[in-house]
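what's the 3D shape of this:
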Amino acid sequence: MGNNELLDAMKRRYPEKFGADEEIFAHIHRGDRIFISTGCAEPQYLVRSLIAYVESNPKAFFDAEVIHIWTLGVAPYTEEQFKRNFRHNSFFISHNTRQAVNLGAADYTPISLSDIPDLFYRGLVPLDVALIQTTPPDSHGYLNLGVSVDIVKAATEVSRLVIAQVNPRMPKVPGDGFIHIEKVDYLIPYEEPILEYHVRAEPEVAERIGTYLSQLIQDGDTLQIGFGDILDAVLPSLGEKRNLGIHTEFLSHGIIELMKKGVVNNSKKTLDRGKTVATFCMGTKETYEYIHDNPSIELKTVDYTNNPLVIAQQHHMTAINTALAIDLTGQTTSDSLGMQFYSGVGGQANFMRGAALAPHGNTILILPSTAQQGKFSRIVPCLPEGSGATLNRCDVQYVATEYGVVYLHGKNIRERAMALISIAHPKFRPWLIEEAKRRNFIYKDQAFIPGERGEYPEQLELYRTTGKGLEVLLRPVKISDEDLLKDFFYALSDQSLSLRFMSQRKDMPHERLQEFVVIDYSKEMVILAALPKGEQELIVGIGQYSILEPSNTAEVAFAVRDDYQNKGIGTELVRYLANLAKRQGLGGLYAEVLLENTPMLRVFEKMGFTMHKTVSSGVYELRMTFRGNPE
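Here you go, the predicted model:
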């Protein structure tokens, strides 16, 4: 039996549930609280018809409160001409209601999405009318809420009057979205396209952030992807992953594409194995066609999907969200900038805290480094006055921009500030350094080299396997590496320190460490040999050179942790430094080596350089000319 036949059968069985729009809307009273379905499930025809009814009957009711989360479609009830009839109250502000909220003509209720159904059930936010959009009824009399279950299901259960726009274009999605026709007071059949949501993000920025994201996501992880253009835009970077799972609030076009590729199959999930679980979907026509009657997808109520206690049960749960801004202490805001309300709390705090509690869980905050075409930095000294702290300082773990990724959890304020400055847009870094000094977040004498000379050369990062089979990451030093290098130097034995620095001095204070981490990459280079150590790195070797301009050579030196010596690390460091020196057009290297430092001498001797060696005051002076490629 087709949709029309089923609908006709329901009309015959439930004639009282069908009628003219004016007759149905006449059941709305003054002061009623009217709920409207979420996002792309907004019943556009019902909203337009309600407004038309008020225009025709301006005294039909007054002071009705319109309640919803995130309207993507029409919102005429916020217009000045209807201020006596409607007052809008949003749990999550959208672009077409933002102005009304900030002018004081509409209200915003900050709350985590998972808590909203309880507000309805307890009567803290009572509802009188629910305007929803559904599929046509099936042969058992069940309609389906389609692309938005979230708080819609709860609204239908507590409202005294439920009016459904029955739209054959609405996909039927497995999960909690079924509602029997007997629970609906009126049905208004009307076919129209389901609202679509299209991603608008800078492709280059998304690609660069996606590269960092792909390094953090492991095969078999279960992901939550928050709401925001940049979040959906980075998902193609996960195209080579395997056996990913999805437990999220927002089911996006990007997630569907990963499902089509087989990247997401939910085979490793702890809960709801084999199912992509979300609470609402916003995408394109193709997205809706894919989720229609798809048994691998379930849309559940938001008090399940966003419940931190549920989220924490998913092993290897990773929450990925974005923010409007993050300050140098790690506070973020997602719902407001200063006194301007922008969006909402949503489910971000639920997922970021739930994932942090999950076994092997992680949280990742990704954001472009700038806003409004590069005019403003999203990394700021302090959140503007009035901004809501969506995530506090102890909530944030990984942060990624197009300039890198850092890990904040467990770091002090100085370390956080330096880490975040290192991934800010280069043109804002000098300002951030000065503001951090002014606020005593970092050392007052913190050095900094502005411009390209001091910009981290990410392209020089590479992995090498030593002759002894140890894989190490060789990368340039960063301005935020000071504490890692302090640990490295203090792990060296007195003998290693003496051989490397030809000095009996054993301390390595901030003033000396700055000489290693704040460098002009056009005149010198410091390369670290790093090994993964949980969310951090362990520095096991350091190599450096400084250009000696008159001779067109560079003075070179290196050191390796005692417990990692004789593993080929020094050889790889010198080989890489020689290659970098050759790329800069240098003709060779110069080194001073104590006579007793035979291991360092052997490393230089086996590089294949043309070497001139002299001895002076117990020191070898090595002048090494390049011949061929050190590789």
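
Name the spans of the chain whose pLDDT lies under the cut-off.
Within the chain, the segments meeting pLDDT under 70 span 1-2, 628-631.

wait, isn't P359 in contact with I311?
No - using Cβ atoms under 8 Å, P359 makes no contact with I311, being 11.7 Å away. Any C-beta I mention is one placed from the backbone N, CA and C, and that applies to glycine too.

For these two, indicate the residue with more neighbours.
Using other Cβ atoms under 10 Å, the more surrounded residue of P359 and I311 is I311, with 29 against 11.

show me what contacts the more buried one?
Taking Cβ atoms under 8 Å, 6 or more residues apart in numbering, we find I311 in contact with 224, 247, 317, 319, 350-351, 354-355, 357-358.

Tell me who's in contact with S387.
Contacts of S387 (Cβ under 8 Å, 6+ apart): 325, 333, 336-338.

okay, now N4: neighbour count?
N4: 11 neighbours (other Cβ under 10 Å).

same deal with the one 5 residues further on?
Per other Cβ under 10 Å, the neighbour tally for A9 reads 14.

mind checking how far it is from P136?
To P136, A9 is 11 Å away according to Cβ to Cβ, to the nearest Å.

repeat for E511
For E511, the distance to P136 (Cβ to Cβ) stands at 75 Å.

circling back to that earlier point, mind listing which of the contacts of I311 are in helices?
Among the contacts of I311, DSSP state H puts 350-351, 354-355, 357 in helices.

Just the buried ones out of these, please.
350-351, 354-355 (16 or more other Cβ atoms under 10 Å).

all helices of the stretch 501-631 of the chain, in order?
Shown for the stretch 501-631 of the chain, the helices assigned by DSSP state H, counting those that start in this stretch span residues 510-517, 569-583, 598-605.

can you redo the ones you listed as a markdown table with mean neighbour count and distance to R378?
Output for the helices of the stretch 501-631 of the chain, formatted as a markdown table (neighbours: other Cβ atoms under 10 Å; distance: least, Cβ to Cβ, whole Å):
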| stretch | mean neighbour count | distance to R378 |
| --- | --- | --- |
| helix 510-517 | 16 | 24 |
| helix 569-583 | 21 | 32 |
| helix 598-605 | 17 | 44 |
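
Any chance of a markdown table for these, columns distance to D115?
Shown next, in a markdown table, are these (distance: least, Cβ to Cβ, whole Å):
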| stretch | distance to D115 |
| --- | --- |
| helix 510-517 | 45 |
| helix 569-583 | 52 |
| helix 598-605 | 62 |
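
Out of these, flag the one nearest F488.
Among those, the nearest to F488 by Cβ to Cβ is helix 510-517 (9.6 Å).

on that earlier part again, which of the buried ones among the ones in helices among the contacts of I311 sits closest to I230?
Nearest to I230 among those, with distances taken as Cβ to Cβ, is F351, at 16.4 Å.

Who are the contact partners of that closest one?
For F351, the contact set (Cβ under 8 Å, 6+ apart) comprises 224, 226, 248-249, 306, 308, 311, 319, 321, 363.

swap the cut-off to 7 Å and go again
224, 306, 311, 319, 321 (Cβ atoms under 7 Å, 6 or more residues apart in numbering).

swap in K153?
Contact analysis of K153 by Cβ under 7 Å, 6+ apart lists 145, 176-177, 301.

same deal with V406?
399, 419-420, 422-423, 480.

8 Å - rerun?
398-400, 419-420, 422-423, 480.

M418 against Y443, yeah?
No - in terms of Cβ under 8 Å, M418 does not count as a neighbour of Y443; the distance is 9.3 Å.

Between these two, point out the one with more neighbours.
More neighbours surround M418 than the other of M418 and Y443, with 26 against 15 (other Cβ under 10 Å).

Can you give me the buried ones in whichever strand or helix holds that one?
Following DSSP states H and E, one finds M418 within helix 413-422. For helix 413-422, the neighbour count (16+ other Cβ under 10 Å) marks 413-422 as buried.

before we move on, what about stretch 147-159?
147-156, 158-159.

What is the biggest strand by length in the chain packed up against?
Longest strand in the chain by number of residues (criterion: DSSP state E): strand 536-548. Of the remaining helices and strands, those touching strand 536-548 by 3 or more Cβ pairs under 8 Å, 6 or more residues apart in numbering; DSSP states H and E are strand 471-476, helix 482-491, strand 524-533, strand 553-560, helix 569-583.

Could you name the helices and strands sitting against the second one?
With contacts defined as 3+ Cβ pairs under 8 Å, 6+ apart, the secondary structure elements packing on helix 482-491 are helix 510-517, strand 536-548.

The fourth one now?
Using 3+ Cβ pairs under 8 Å, 6+ apart as the contact criterion, the secondary-structure elements in contact with strand 553-560 are helix 494-501, strand 536-548, helix 569-583, strand 588-594.

Now render those as JSON lines, adding distance to F86.
Listed next are those as JSON lines, based on distance: least, Cβ to Cβ, whole Å:
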{"stretch": "helix 494-501", "distance to F86": "74"}
{"stretch": "strand 536-548", "distance to F86": "53"}
{"stretch": "helix 569-583", "distance to F86": "66"}
{"stretch": "strand 588-594", "distance to F86": "76"}
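
So which of the ones you listed is nearest F35?
Going by Cβ to Cβ, the one of the helices and strands packed on strand 553-560 nearest F35 is strand 536-548, 47.4 Å.

So what are the sheet partners of the closest one and their directions?
Here strand 536-548 is paired, per DSSP bridges, with strand 524-533 (antiparallel), strand 553-560 (antiparallel).

Please work out which of those is packed deepest.
Most buried of the strands paired with strand 536-548 by mean neighbour count (mean count of other Cβ atoms under 10 Å) is strand 553-560; its value is a mean of 22.

how about it as CSV, C-alpha atoms only?
What follows is strand 553-560 as a C-alpha-only set of coordinates in CSV (Å, rounded to 0.1, in the frame of the first residue of the first chain):
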residue,chain,number,x,y,z
THR,A,553,79.8,26.5,6.4
ALA,A,554,77.9,25.7,9.6
GLU,A,555,79.1,24.8,13.0
VAL,A,556,77.4,21.5,14.0
ALA,A,557,77.0,19.5,17.2
PHE,A,558,74.7,16.9,18.6
ALA,A,559,73.9,15.0,21.8
VAL,A,560,71.9,11.8,22.5
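
Nearest to L131, out of the helices and strands packed on strand 553-560?
L131 lies closest, by Cβ to Cβ, to one member of the helices and strands packed on strand 553-560: strand 536-548, at 51.5 Å.

Buried residues in the closest one, which are they?
Using 16+ other Cβ under 10 Å as the test for burial, strand 536-548 gives 537-547.

Mind picking the two most distant members of the residues you listed?
Checking those with Cβ to Cβ, the most distant pair is L538 and I547, at 29.1 Å.

For L161, which non-adjacent residue is closest in space?
Here the nearest residue to L161 in space, its sequence neighbours aside, is V129; by Cβ to Cβ, 6 or more residues apart in numbering that works out to 4.6 Å.

residues in contact with that neighbour?
V129 neighbours (Cβ under 8 Å, 6+ apart): 27-28, 32-35, 159-163.

still on that earlier bit, adding distance to L589, write the helices and strands packed on helix 482-491 out as CSV.
Shown next, in CSV, are the helices and strands packed on helix 482-491 (distance: least, Cβ to Cβ, whole Å):
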stretch, distance to L589
helix 510-517, 19
strand 536-548, 7
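
These: which one's closest to V101?
Closest to V101 of the helices and strands packed on helix 482-491, according to Cβ to Cβ: strand 536-548, at 41.9 Å.

Now the closest one - C-alpha only, CSV.
Taking C-alpha atoms only, strand 536-548 is exported to CSV below (Å, rounded to 0.1, in the frame of the first residue of the first chain):
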residue,chain,number,x,y,z
GLN,A,536,53.6,13.7,24.7
GLU,A,537,57.0,13.2,23.2
LEU,A,538,60.3,12.0,24.6
ILE,A,539,63.3,13.9,23.2
VAL,A,540,66.1,11.4,22.8
GLY,A,541,68.5,13.4,20.7
ILE,A,542,69.3,16.9,19.6
GLY,A,543,71.4,18.2,16.7
GLN,A,544,72.1,21.8,15.7
TYR,A,545,74.0,24.0,13.4
SER,A,546,74.7,27.7,13.1
ILE,A,547,75.8,29.2,9.8
LEU,A,548,79.3,30.7,9.7
